[in-house]
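> Got a predicted structure here, sequence first:
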Amino acid sequence: MKTPYKSIYSVLKTNRVIVIIVVSGALLSSLFSGWMVFNIHQKSLNTTFAIGTDGEVIPLKLVTQKENFQVEALAHLELFHTYFYNIDASNYEKNLEKALWLGNSSVDNLYRQKKADGVYNRILQYSLVQKILSIDSQLQEQNGTYSFKTITVFEINRGSIIDTYELTSSGKLIIVDRNYPNNTHGLLITDYFENTLKKISNESP
């Protein structure tokens, strides 16, 4: 008895179905693999890794790093403005020396200009007390560069008169090696500039 042969069209139809299933499966597999790679890539953009003391790979979130940077940056700016502007005849040399560790030549140039203008001589001569009342700093990031604007309110006690001023200053921050106790935050102020200074009140003690 002869074995009946299947119709060539039936065989081709079966093969076509098999090819469609295989191609569809491969396409779905490729799409799934592509999605997995994209997802891993997106997660890696917000993650960096460190090696622990036991050799273990430890993931660190960049978001957390940025939050920590902002905290340290604001603390650095507050420390600098306190040292640079909260001065009197007894502490100005010590405070200014500490402030100069927190900025680059732009801060040093401003200090030298103030010294040449007799600012610190007047503090000594008239026993002036320059006291910080508030420091408000705003940070802005652009292409990995951090800039800041700080509004510092301080008063100058002239004995019989107390004048209150508002100073707006600006600059940039760069990361440097930590230097304890001179620069504990590992940041340096660059391009520092005093934008505006205005008197906001005048009163007698």
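Everything's here; your move. Numbers count the residues shown, from 1 in each chain.

> Determine the set of other helices and strands touching the lengthiest strand in the chain.
Criterion DSSP state E: the longest strand present in the chain is strand 187-203. The contact analysis (3 or more Cβ pairs under 8 Å, 6 or more residues apart in numbering; DSSP states H and E) places strand 187-203 against helix 62-85, helix 105-116, strand 162-175. Just so you know, the C-beta spots here come from the backbone N, C-alpha and C atoms, and that holds for glycine as well.

> Go through those and name the closest to residue 125.
With respect to residue 125, and counting by Cβ to Cβ, the nearest of those is helix 105-116 at 13.8 Å.

> after the closest one comes which helix or strand?
Using DSSP states H and E, the helix or strand that follows helix 105-116 in sequence is helix 119-126.

> Next secondary structure after that following helix?
strand 129-142.

> That next one pairs with which strands, parallel or anti?
Strand 129-142 sits in its sheet next to strand 87-88 (antiparallel), strand 145-157 (antiparallel), going by DSSP bridges.

> So for that strand, what gets flagged as buried?
Judged by neighbour count using 16 or more other Cβ atoms under 10 Å, the buried positions of strand 129-142 are 129, 130, 132, 135, 137.

> and if you look at stretch 109-117?
For stretch 109-117, using 16+ other Cβ under 10 Å, the buried residues are 110, 111.

> Run through the chain and note the low-pLDDT ranges.
1-9, 11-12, 40-65, 204-205 (pLDDT under 70).

> hey, which helix is longest across it?
Counting by DSSP state H, the longest helix found in the chain is helix 8-45.

> Run the chain-centre distance for that one.
Relative to the chain's own centre, helix 8-45 is displaced by 45 Å; criterion: Cα atoms, centre = their mean, to the nearest Å.

> just stretch 148-156 next, same as before
The answer for stretch 148-156 is 20 Å, by Cα atoms, centre = their mean.
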